[in-house]
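Asker: return a 3D structure for these sequence lines:
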Amino acid sequence: MFKKIAFSLALTVMGWTCAHAATETPVKVEDFNFNAKKVTLKDGAATLSGSVFMVSKKTFPCTAGKKYGIKGTFKALPGTPDNFVYIGFEIYDKNGKSIAMAHAKTVPNTLTTLVQDVKTSDTVLKVEDASKWIQKGAFRVALKAAKDESDLPNRNVTQGNVLKVEKKGNSWEVTLSKPCGFEAKAGEFVREHRHGGYLYTVFGKTGRGFVDPEHTAVIDYPGAAGIRIVILGNWNAPEKGENPKMEVKNVRLIEK
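Answerer: Numbering: from 1, shown residues only. Okay, the predicted model is just below:
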């Protein structure tokens, strides 16, 4: 699992839990996948030593447009170094396939057509109009797009990010950080998509930590049918030196 998780506050849809009743589903720490060499289980709690990625074994059904959150205790143990924790969801379709942010989150007003065929090895795409595209940052190109967005979730997404967008004559060139990875024909639709990590509801320092955080996220990915809880504990821990420890317990999935 990559330790460098790309994400942006602007890409995370967040809101405060409202006063009306929510459904809570307990999730035992034993019901997560993790590196057993770095996690100790005792009395219903998990102690994480160093950087640990945890993901729920179960995929929970979700309804598009509803809010979901994760409650529990996520804090550094007393006397141990402060670090960071990220808590959120990995999203799946009805067939159990993961939906990444780049598959689902479109950049408005970026639909255009290719003016030249694309090979898998290409790092420059020629399109009709990229005047609304964003260059540099966590943005990729979705090929085989559709005007009505019926292609979403679209997994025909370039392997690299958009590095540069430049008008050349009557068309535009989009330069990628890596070879495209897909083939496409001139005249086919493409659009720009946002790229990032998981859908986070909570992230912050473990020293202060979180006890039953009230934050929620709207599951608004097209095709979303299931979610798994992800916890990235002590995620900024160095490879050597300090060994931060944090506790995870009393985890519950919240549905509003």
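
Asker: without its sequence neighbours, what residue ends up closest to residue 153?
Answerer: Nearest residue to residue 153, sequence neighbours excluded (CB to CB, 6 or more residues apart in numbering): residue 103, at 3.9 Å. Backbone N, C-alpha and C define where each C-beta goes, glycine included.

Asker: three-state assignment of the one you found?
Answerer: Secondary structure, DSSP: H, G, I helix; E, B strand; the rest coil: residue 103 is helix.

Asker: list the residues that contact it.
Answerer: 142, 152, 153, 154, 155, 157, 193, 221 (CB atoms under 8 Å, 6 or more residues apart in numbering).

Asker: residue 161 and residue 134, how far apart?
Answerer: 10 Å (CB to CB, to the nearest Å).

Asker: neighbour-wise, which of those two wins?
Answerer: Ranked by neighbour count (other CB atoms under 10 Å), residue 161 and residue 134 place residue 161 first, with 19 against 14.

Asker: pull the helix or strand with minimum mean pLDDT from this protein.
Answerer: Lowest on mean pLDDT, DSSP states H and E among the helices and strands of the chain sits strand 15-16, with a mean of 38.

Asker: what's the next secondary structure element after that strand?
Answerer: Following strand 15-16 in sequence order, the next helix or strand is strand 23-26 (DSSP states H and E).

Asker: flag every buried residue along that next one.
Answerer: Using 16 or more other CB atoms under 10 Å as the test for burial, strand 23-26 gives no buried residues.

Asker: and stretch 230-241, by the same measure?
Answerer: Buried, per 16+ other CB under 10 Å, within stretch 230-241: 230, 231, 232, 233, 234, 235, 237.

Asker: quick one: contacts of stretch 23-30?
Answerer: 41, 44-46, 56, 58, 60, 71, 229, 248-256.
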